[in-house]
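**Q** Curious how this folds, go ahead:
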Amino acid sequence: MSAPQIIRTPGGEELVVLPRGEYEALLERADHDAEDAEDVAIYDARKAELSAGGIVLPPEVSAAMLRGESRLKAIRNWRAIPQLHVSVQAEIGQGYLSDLESGRRAGTPETIAKLAQALDVPVEWLS
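**A** This next block holds a predicted model:
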């Protein structure tokens, strides 16, 4: 790591100049730390749910959520049911299901109930 250059503006503000590679390494590290913080938040939320007697998801579902999948997608994959099958059983379009899984749209309580039935899981798992 090379020594950073410090420049003082006429207003007294200090600016730091460093090589681009070091700057990009800092950005990458910040992204990694933010991702770790999100993982810790998910873990803490699951732990709080367990201690409060809340829903208990299968470990495979929690692990998929830590990898970035939505709860709905993680449960569907855990059940090993194709999107098309779930959409037919829940009487919704596959595109709509895809939007729900990606978080682009939120389902109505009725839709969530139908999805829970199609996936054979408690509705609380999807709420």
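**Q** How far off centre is the least confident helix or strand in the chain by mean pLDDT?
**A** None of the helices or strands of the chain scores lower by mean pLDDT, DSSP states H and E than helix 20-51, at a mean of 81. Here helix 20-51 is found 11 Å from its chain centre; the criterion is CA atoms, centre = their mean, to the nearest Å.
**Q** That one packs against which elements?
**A** helix 59-66 (3 or more CB pairs under 8 Å, 6 or more residues apart in numbering; DSSP states H and E). C-beta: built from backbone N, CA, C; applies to glycine.
**Q** Give me the pLDDT for the residue nearest the centre of the chain.
**A** Centroid-nearest residue in the chain, with CA atoms, centre = their mean: Gly68, separated by 4.0 Å. Each residue has a pLDDT score; the one for Gly68 is 90.
**Q** Look up phi and psi at it.
**A** Backbone dihedrals for Gly68, given as degrees, to the nearest 10, come out at phi 110, psi 0.
**Q** cool, and Ser70?
**A** Backbone torsions for Ser70, taken as degrees, to the nearest 10, come to phi -70, psi 160.
**Q** and it, what is it in contact with?
**A** Counting by CB atoms under 8 Å, 6 or more residues apart in numbering, Ser70 touches 100-103.
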